[in-house]
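Peer 1: One predicted model, sequence on top.
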Amino acid sequence: MIKLAADGIKEVTTPLSDADVESLKSGDRVRLFGVLYTARDAAHGRLIALLDEGKPLPIDVKGQIIYYTGPSPARPGMVIGSVGPTTGGRMDKYAPRLLALGLKGMIGKGARSEPVREAMKRHKAVYFGAVGGAGAYLSRYVKKVEIVAYEDLGTEAIRRMAVEGFPAIVVNDCHGNDLYQEGMKAYAR
Amino acid sequence: MREIHVSAISDAVKKLCMEANWDLGPDMLRAFDQALKTERSPAGKQVLEMLKENAQIARTQKIPYCQDTGFVVCFAELGQDVHITGGLLTDAINTGVSQGYTEGYLRASIVKSPFDRKNTGDNTPAVIHLDAVPGGNVKLMVMAKGGGCENRSKYKMLTPADGPEGVKNFILEVIKTAGPDACPPLIAGVGVGGTFEKAAILSKKALFREIGSPNPDPALDAIEKEVLDKANRLGIGPQGYGGDTTAFAVHILTYPCHITSLPVAVTIECHAHRHKEVTL
Ligand code: SF4
């Protein structure tokens, strides 16, 4: 569900529909509400291995957003430690398989490959950028965390995070636009 | 002969690791403010403001500035009149890393082998560069080096004919290909000369110089300023969202080199430029 807040920022609540995704445009600032699943390199490796064996995944990715992050440990009494994005490109090898299953959003930093951008167009999905390195700042928007799979992977385990107002920007929309390319063109001199 | 017990080394390294991760240096905060004055891109400005606030939250709440709390790179300068007692210097440094990362709630990001990829659990071992120097002190310089930016570091063997122009073009190319992936605004540490490994080590050491300070060698300073200016015309901007602040600094260190060679190494560092040092 998406609604436009008074300050012009789009408030996006998970799960996402195709229509939600279609309404998001590269460069849009958003605040995310609902659930984000964390997964990075090692967890993606395991998810894809399960798919290769024809086995079910530990999470249903349909309509969901995966956040590429490996948080730092929470101090006692805190929900989570620092929790900024990791480089999305390292998940390029895996992402099209999850997009085909109905994954609607990914959050990371850094450019995605052509095949991933194509898969985003085909399956209607969006790639959000969160500010890399702003892990302490972003931790404030995480309200609850539970590990749902692969606890043995430590920081790389799959976590279910409840977020309220998590700030991000649309980097790649499902119409083929790319903020990195357009931004660079606009400011090169 | 001055004696220093290994526990003093471990304690110092532990403190440096924690403080580096919580407390971004004042030179970086000045760089944010400076960039905010010149940045034209609204998205870029928002990123810079967020990073300033991020630094403030990290410092006051003692949580890491970035969740990637890095690979610890430690340059240790051991005075020749010092005798380390109670164990090995490298073990003491690693003990300090282990304690700092565990007690400081910092992320363990190191795997034991590049192939089996099992996490060591306490962010050890560090990459340690040891130098013998005159005197009776031990200087410990610790950096928490992020992985995303490190992955964009590059090396090239230029030919002497490529000269300074070749070096400048290569640094710029590395900054450009690093792009949004390495969390710009970036800092480029550059090692020129020596051998393959010497240039790479210099490119790390160059990062310890204060951001905004001139290179003491005027010729190198001119190269740094020229490359920085060109980098900030690329348009990549903070986080790659487009803008004028692609890099905060280019720092060059050189070493004599062979008549056939012009090695250049560029370490790409992100705005999470976390380092601290102490002299015991
Ligand atoms: S590149 Fe730097 S700021 Fe970005 S995630 Fe890695 S350590 Fe953090």
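Peer 2: Cool, the structure landed. Numbering: from 1, shown residues only, chains lettered A, B, ... in the order given.
Peer 1: and the residue of chain B nearest chain A?
Peer 2: Residue nearest to chain A within chain B (C-beta to the nearest C-beta): residue B:242, separated by 2.2 Å. C-beta here means a position set from N, CA and C on the backbone, and glycine is covered the same way.
Peer 1: so what's that residue up against?
Peer 2: Applying C-beta atoms under 8 Å, 6 or more residues apart in numbering or on different chains to residue B:242 gives the contacts A:179-180, A:182-187, B:41, B:43-44, B:235-236.
Peer 1: Assess the claim that residue A:34 and residue A:163 are in contact.
Peer 2: Yes - at 6.9 Å, residue A:34 and residue A:163 qualify as touching, with contact defined as C-beta atoms under 8 Å.
Peer 1: More neighbours: which of those two?
Peer 2: Set side by side, residue A:34 and residue A:163 show more neighbours around residue A:163, with 23 against 17, by other C-beta atoms under 10 Å in any protein chain shown.
Peer 1: Which of the contacts of residue B:242 sits closest to the ligand?
Peer 2: residue B:236 (13.9 Å; C-beta to the nearest ligand atom).
Peer 1: Counting neighbours, which of the contacts of residue B:242 comes out on top?
Peer 2: residue B:236 (31 neighbours).
Peer 1: Checking that residue next. Helix, strand or coil?
Peer 2: Assigned with DSSP: H, G, I helix; E, B strand; the rest coil, residue B:236 falls in the coil class.
Peer 1: Just give the closest residue to it, not the sequence neighbours.
Peer 2: Closest residue to residue B:236 apart from its sequence neighbours, by C-beta to C-beta, 6 or more residues apart in numbering or on different chains: residue B:246 at 4.2 Å.
Peer 1: neighbours around that neighbour, how many?
Peer 2: Counted with other C-beta under 10 Å, residue B:246 comes out at 29.
Peer 1: Okay, it and residue A:170: tell me how far apart.
Peer 2: 21 Å (C-beta to C-beta, to the nearest Å).
Peer 1: Likewise for residue B:172?
Peer 2: Distance from residue B:172 to residue A:170, by C-beta to C-beta: 29 Å.
Peer 1: Look up phi and psi at residue 59.
Peer 2: Unless you meant another one, I'm taking chain A. With angles defined as degrees, to the nearest 10, residue A:59 sits at phi -130, psi 150.
Peer 1: In this structure it contacts residue A:148, no?
Peer 2: Yes - Residue A:59 is within contact range of residue A:148, at 6.0 Å (criterion: C-beta under 8 Å).
Peer 1: Those two: which has the busier surroundings?
Peer 2: Between residue A:59 and residue A:148, counting by other C-beta under 10 Å, residue A:59 is the more crowded of the two (17 against 14).
Peer 1: Pull the contacting residues for that one.
Peer 2: Taking C-beta under 8 Å, 6+ apart, one finds A:37, A:148, A:149, A:158, A:160 in contact with residue A:59.
Peer 1: tell me the domain boundaries of chain B?
Peer 2: B:2-20+B:65-145, B:148-272 (automatic domain parsing).
Peer 1: Helix or strand: which one has residue B:15?
Peer 2: helix B:6-22 (DSSP states H and E).
Peer 1: can you list the residues of the stretch 51-200 of chain B near chain A?
Peer 2: B:51, B:53-55, B:57-58, B:61-69, B:105-109, B:117, B:119, B:121, B:146, B:148, B:151, B:179-183 (C-beta under 8 Å from any C-beta of the partner chain).
Peer 1: Which of the helices or strands spans residue B:97?
Peer 2: Assigned by DSSP H and E, residue B:97 falls in helix B:89-103.
Peer 1: for the record, mean pLDDT for that helix?
Peer 2: The average pLDDT for helix B:89-103 rounds to 98.
Peer 1: Could you list the buried residues of stretch B:20-39?
Peer 2: Neighbour counts over stretch B:20-39 (16 or more other C-beta atoms under 10 Å in any protein chain shown) mark B:20, B:21, B:22, B:23, B:24, B:25, B:28, B:29, B:31, B:32, B:35, B:39 as buried.
Peer 1: quick one: the third one and residue A:122, what's the gap?
Peer 2: Think residue B:22. From residue B:22 over to residue A:122 (counting by C-beta to C-beta), the distance is 44 Å.
Peer 1: so what's the residue of chain A found nearest the ligand up against?
Peer 2: Nearest residue of chain A to the ligand: residue A:133, at 2.7 Å (C-beta to the nearest ligand atom). Each residue near residue A:133 by C-beta under 8 Å, 6+ apart is listed here: A:84, B:51, B:54, B:65, B:66, B:146, B:183, B:270, B:271, B:272.
Peer 1: What about it? Give its phi and psi, please.
Peer 2: The phi/psi pair for residue A:133 (degrees, to the nearest 10) is phi 90, psi -10.
Peer 1: For it, give its distance to residue A:109.
Peer 2: Distance from residue A:133 to residue A:109, by C-beta to C-beta: 8 Å.
Peer 1: Look up the residues that both of these two are in contact with.
Peer 2: Counting by C-beta under 8 Å, 6+ apart, the residues touching both residue A:133 and residue A:109 are A:84, B:183.
Peer 1: For the stretch of helix or strand residue A:3 belongs to, which strands pair with it and how are they oriented?
Peer 2: Under the criterion of DSSP H and E, residue A:3 resides in strand A:2-4. Taking DSSP bridges as the criterion, strand A:2-4 forms sheet pairs with strand A:10-13 (antiparallel).
Peer 1: send the alpha carbons of stretch B:38-46 over as PDB?
Peer 2: C-alpha atoms of stretch B:38-46 as PDB (Å, rounded to 0.1, in the frame of the first residue of the first chain):
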ATOM      1  CA  THR B  38      29.000  23.400  -2.200                       C
ATOM      2  CA  GLU B  39      26.700  20.500  -3.000                       C
ATOM      3  CA  ARG B  40      24.000  21.400  -5.500                       C
ATOM      4  CA  SER B  41      22.000  18.200  -5.400                       C
ATOM      5  CA  PRO B  42      19.100  18.100  -2.900                       C
ATOM      6  CA  ALA B  43      19.400  14.300  -2.600                       C
ATOM      7  CA  GLY B  44      23.100  14.700  -2.000                       C
ATOM      8  CA  LYS B  45      22.600  17.300   0.700                       C
ATOM      9  CA  GLN B  46      20.100  15.000   2.400                       C
END
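Peer 1: contacts for that stretch?
Peer 2: A:27, A:169, A:183, A:186-187, B:36, B:48, B:237-239, B:241-245.
Peer 1: Kind regards, and thank you for your time.
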